[in-house]
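Trainee: following is a predicted model, sequence given first.
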Amino acid sequence: MHPGGRYPGLRVAAFLAAIFIPAGITTAFLPLWLADRGLSAAGIGQVLGISTFGRLLATPGWGRLADRFGGRRAVLAAAAALAMLASLAFLPAQGFAVLLLATVAQGASASALMPVADALTLALAREGRLEYGRVRAVGSTAFMGATAAGGWLVDRLGVRVLPLLLAAGYGAAAALARLLPEPQAAPHAGHGRGGTRLLAYRPFLLTLAASALIQGGHAAYYGLASLHWRRHGLSDTMIGLLWAEGVVSEIALFFWGRRLAERLGPAGLTALAASAAMLRWTVTGLTTALPALLAVQVLHGATYGMQHLSAMLMLSRTVAPERAATAQTLHATLGSSVPTGLLIWATGSLYDGSGAVFLAMALLGALALPLVSGLHRAWVRHA
């Protein structure tokens with residue numbers, strides 16, 4: 001029997017939990033750790049932005065490796081092990097240049113994990129061996145727990161504990177990757193599109209554009225929200241809980257939203273995600289009052305979760321299985337990493353203590369709405 005043949009959903013869920021724990025800690029607390037090492041808001045934006053471009057170079061290569069050799073477990077194990085080593089390199093890091101190199105190395109190594117795992121999970125879902133949304137919800141739950149527990153640990157032990165938490169998560173992922181199942185169905189050769197052909201493929205381009213605007217619109221949130229909220233008097237524990245609250249709605253969508261996603265389709269999901277982004281980032285930009293933040297953080301399930309499901313539905317239907325990992329890594333790079341990196345850099349440089357940068361993110365949501373009709377036509381055409 002294949003070493004990952006039994007209980008595929010449980011094995012994939014355990015691996016996703018392992019990679020989402022360091023992802024949650026990084027997203028919520030890496031800016032605080034960099035600030036603790038002496039970087040300014042502009043310096044943090046530069047480090048996070050350049051790190052994102054490191055992902056641009058690394059992520060598609062991971063996807064090509066996974067598709068070429070057909071062994072996604074090996075790619076995931078190697079990437080997780082490298083991310084663990086890079087996280088340990090944070091411990092002695094001091095000074096802008098060294099912090100930049102360590103952050104780029106960690107980001108490039110970890111960049112394979114989510115898109116290649118998504119490609120694997122979607123392939124198993126097509127075979128009926130698991131349900132994508134419910135397995136993915138486990139990862140989101142781990143993300144939520146990591147942000148909440150991370151805030152508690154940072155309050156009590158200091159932000160210097162972050163590298164050890166990251167290394168532990170990635171080390172567990174490297175071990176669990178060896179137990180992952182592989183899809184049983186062989187790809188249908190001759191129907192795939194290479195990376196360059198994907199970039200000329202209209203359904204893929206529409207998906208990229210929608211994700212770039214909506215997921216990229218989280219840049220100020222990822223790069224500055226923790227600093228902004230701390231500056232306006234919120235504790236690290238409350239910051240962690242705000243991050244966790246947002247993920248609760250994402251978990252609910254992934255766990256119970258299958259029928260909603262099937263009914264709305266990619267176009268409807270993107271329309272709701274864009275509309276929610278306009279509301280969420282407008283409120284976040286105008287106030288730091290805790291009741292208002294608690295009210296709009298629940299929209300993370302729409303701004304992140306609905307657009308993620310929209311993209312997964314489009315890629316699963318319109319891209320052949322033998323190019324799935326390439327499509328996922330290109331989407332992660334061009335639909336998320338590049339726009340997010342550009343916008344993190346820009347917002348970090350422009351941040352002045354006010355919420356103006358969040359208002360700019362609301363505008364990106366509005367720009368995504370005209371793409372909805374094209375997504376609907378592409379979805380119907382490939383039915």
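Mentor: Nice, I can see it.
Trainee: low pLDDT regions in this structure?
Mentor: 1-5, 185-195 (pLDDT under 70).
Trainee: how near is the spatially most central residue of it to L91?
Mentor: Centroid-nearest residue in the chain: M114, 7.1 Å away (criterion: Cα atoms, centre = their mean). Per Cβ to Cβ, to the nearest Å, M114 is found 25 Å from L91. Where C-beta positions appear, they are placed from N, C-alpha and C, glycine not excepted.
Trainee: doesn't A332 make contact with the residue nearest to the centre of the chain?
Mentor: Yes - judged on Cβ atoms under 8 Å, M114 makes contact with A332 at a distance of 6.6 Å.
Trainee: could you point out which element follows the one helix or strand A86 maps to?
Mentor: Counting by DSSP states H and E, the element that carries A86 is helix 72-88. Sequence order places helix 96-110 as the next helix or strand after helix 72-88, per DSSP H and E.
Trainee: can I get that next one in CSV, CA atoms only?
Mentor: C-alpha atoms of helix 96-110 as CSV (Å, rounded to 0.1, in the frame of the first residue of the first chain):
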residue,chain,number,x,y,z
PHE,A,96,18.9,45.5,7.8
ALA,A,97,21.0,43.4,5.3
VAL,A,98,21.1,40.2,7.4
LEU,A,99,17.4,40.5,8.4
LEU,A,100,16.6,41.0,4.7
LEU,A,101,18.6,37.9,3.6
ALA,A,102,17.0,35.7,6.4
THR,A,103,13.5,36.8,5.6
VAL,A,104,14.0,36.3,1.8
ALA,A,105,15.4,32.8,2.5
GLN,A,106,12.5,31.9,4.8
GLY,A,107,9.9,33.2,2.4
ALA,A,108,11.4,31.5,-0.7
SER,A,109,11.5,28.2,1.0
ALA,A,110,8.0,28.4,2.4
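Trainee: packing partners of it?
Mentor: For helix 96-110, the packing partners by 3 or more Cβ pairs under 8 Å, 6 or more residues apart in numbering; DSSP states H and E come out as helix 8-36, helix 41-69, helix 72-88.
Trainee: contact partners of that helix?
Mentor: By Cβ atoms under 8 Å, 6 or more residues apart in numbering, the list of residues contacting helix 96-110 from outside reads 19, 22-23, 26, 30, 34, 37, 39, 43, 46-48, 50-52, 54-55, 57-58, 79-80, 82-83, 85-87, 89-90, 93, 166, 170.
Trainee: so what touches the helix or strand hosting V380?
Mentor: Per DSSP H and E: V380 is located in helix 372-381. With contacts defined as Cβ under 8 Å, 6+ apart, helix 372-381 is touched by 202-203, 206-207, 210, 265-268, 270-271, 274, 310, 313-314, 317-318.
Trainee: could you flag which of those residues are buried?
Mentor: Listed as buried from the contacts of helix 372-381 are 203, 206-207, 210, 265-268, 270-271, 274, 310, 313-314, 318; burial here means 16 or more other Cβ atoms under 10 Å.
Trainee: deepest of the helices and strands packed on helix 96-110, which one?
Mentor: Looking across these with neighbours counted as mean count of other Cβ atoms under 10 Å, the highest average goes to helix 8-36: a mean of 24.
Trainee: quick one, that helix and helix 41-69 angle?
Mentor: Counting by axes from the mean of the first three to the mean of the last three Cα atoms, to 10 degrees, helix 8-36 lies at 150 degrees to helix 41-69.
Trainee: strands of the stretch 151-300 of the chain, start to end?
Mentor: Counting by DSSP state E, counting those that start in this stretch, the stretch 151-300 of the chain forms no strands at all.
Trainee: show me where it has its helices.
Mentor: Remark: helices assigned in the stretch 151-300 of the chain by DSSP state H, counting those that start in this stretch are 162-177, 195-198, 202-216, 219-231, 236-256, 258-286, 290-297, 300.
Trainee: please identify which of those is closest to V135.
Mentor: V135 sits nearest to helix 236-256 of all the helices of the stretch 151-300 of the chain, at 8.6 Å, using Cβ to Cβ.
Trainee: all good on my end, thank you.
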